[in-house]
Structure formats: C-alpha cells, structure tokens
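**Q** Please work out how this folds:
(2 chains)
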Amino acid sequence: GQNIDQPTEMTATEGAIVQINCTYQTSGFNGLFWYQQHAGEAPTFLSYNVLDGLEEKGRFSSFLSRSKGYSYLLLKELQMKDSASYLCAVRDQRLQAQLWSRLMGSTLGRLYFGRGTQLTVWP
Amino acid sequence: GAGVSQSPSNKVTEKGKDVELRCDPISGHTALYWYRQSLGQGLEFLIYFQGNSAPDKSGLPSDRFSAERTGGSVSTLTIQRTQQEDSAVYLCASSLPELNTEAFFGQGTRLTVV
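**A** Okay, here's the model as predicted:
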C-alpha cells in the first residue's frame, strides 16, 4: 500500500528558513508533488520531483531521494502569507492500475496525499 | 472554463437522501481525481479516471459511493443514502496525461448531512 508521513505542525518566524520533511512508501512511484493549501481554499501546486535531486523555484525548493523514499520542501525568506498547510503527494500505481496502463498505454496513476503540515509563520 | 469547476459549492442534505456532486475539468485534461477532505484533515483519495475509465476505485469508502465520467469530460460523484460521517469537502482535480504535470483543483463542494 501507500504510506506518506509528514509532521503535523511546524512554526517559524518571518524571514527564516523552514524545511518540511516527507517520507513515503509506494508500490509504483511516478513522481512526488508539493501543494500549498490555505484554510478554506483548494490546494495549489508548488513543485514536482521525479528524479533525485533538488528543484528550485524562487523561495521554494524541493528535494527527492527515491532510494530513501524521502523528500523535503524548503521555504526561504518566510512571509506571513506562507502560513498554510503543505501537502506532500505521491503519484503511484496500484498493481491493477499498472496492468491497465500496460494495456491502454497510459502511465499516470493516482495522486495520493499525506495529511499535510500546518505551518504557522510568526512576525 | 479556465479552471476546474465544481457544483454545487455547498450542499445541505438530510440523512438518507442521495446527492450528486459535479466536476467540470479543465478542457483537454484526461485525468480526473476525486478527494474527500474532512475538517482539519488531509485529502482522502476516492477515485481516479483516465478518460472515461476508472483504473483505480480503491478509495471509495463504501458501495454507497459511485462515480462516472462521460465524454472524457464531466464527472459526477454520487453518494446514496447519505450518512452524517459523509459530511466533508469533496474536491475534484484534473490534469493532462503526462507524468510531470500537476493536478489543478476545483474549489470543492462542502457537503453537510443533517
């Protein structure tokens, strides 16, 4: 099955750097995503990793180690507006879906989310 | 439309009634996902469509839940004989069929079963 673990809550101060870790176990890994979700709103995409290494996008960076089943999201120069829930998500395929994909020629799988890390940024 | 559209945005229903939730994905997005999010919780995967087919229905919590997709576009999630524990925000997302593309979410339907 799939298991995604991330801390429930984190706090930091404005201007600081925070690292949110995510570990996962999956049967058919097809990529890892990070999303941001403000209270009462829909999740919005932050980053994507499918190969090992660091992907940088402005104040946000994401790292992946497939052999360790580990990723982190790094947020720099924190701002008050960064207070939100950060969701780690793995795209994977169950065996049945893998067989279906081989028949139908599709390689996508379901996008499976962790419980999210609630980040609070203090002034 | 430009984004994923879900309707209704809010639904209050009596226990035991059936409800239908609708999702209009972004045009051209062949992959479509349904999730459920209870207050303060993460996203619970329900079902995933590729075109009109559902290669993974593993997340549907019971046989009261079903979903269909027609024309490779609109999807409907149906909950029969609703229970109070079905109260949650139901989110729909869609994506292009390539691996490295993100899923875009609609604003969700807030379902309250009274």
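
**Q** how close does the residue positioned nearest the centre of chain B sit to B:Gly106?
**A** For chain B, the residue nearest the mean C-alpha position is B:Trp34 (3.4 Å; CA atoms, centre = their mean). Distance from B:Trp34 to B:Gly106, counting by CB to CB, to the nearest Å: 10 Å. For glycine as for every other residue, the C-beta is placed from the backbone atoms N, C-alpha and C.

**Q** still on that earlier bit, helix, strand or coil for the closest residue to the residue nearest to the centre of chain B other than its chain neighbours?
**A** Distances taken as CB to CB, 6 or more residues apart in numbering or on different chains place B:Leu46 nearest to B:Trp34, at 4.2 Å, with adjacent residues excluded. Judged by DSSP: H, G, I helix; E, B strand; the rest coil, the three-state class of B:Leu46 is strand.

**Q** Would you confirm that B:Leu46 contacts B:Tyr35?
**A** Yes: contact criterion CB atoms under 8 Å: B:Leu46 and B:Tyr35 qualify, at 6.0 Å.

**Q** Which one of those two is surrounded by more residues?
**A** For B:Leu46 versus B:Tyr35, neighbours defined as other CB atoms under 10 Å in any protein chain shown are more numerous around B:Tyr35 (25 against 22).

**Q** Give me the buried stretch members for the helix or strand where A:Tyr48 lies, please.
**A** Using DSSP states H and E, A:Tyr48 falls within strand A:44-49. Residues of strand A:44-49 classed as buried by neighbour count (16 or more other CB atoms under 10 Å in any protein chain shown): A:Phe45, A:Leu46, A:Ser47, A:Tyr48, A:Asn49.
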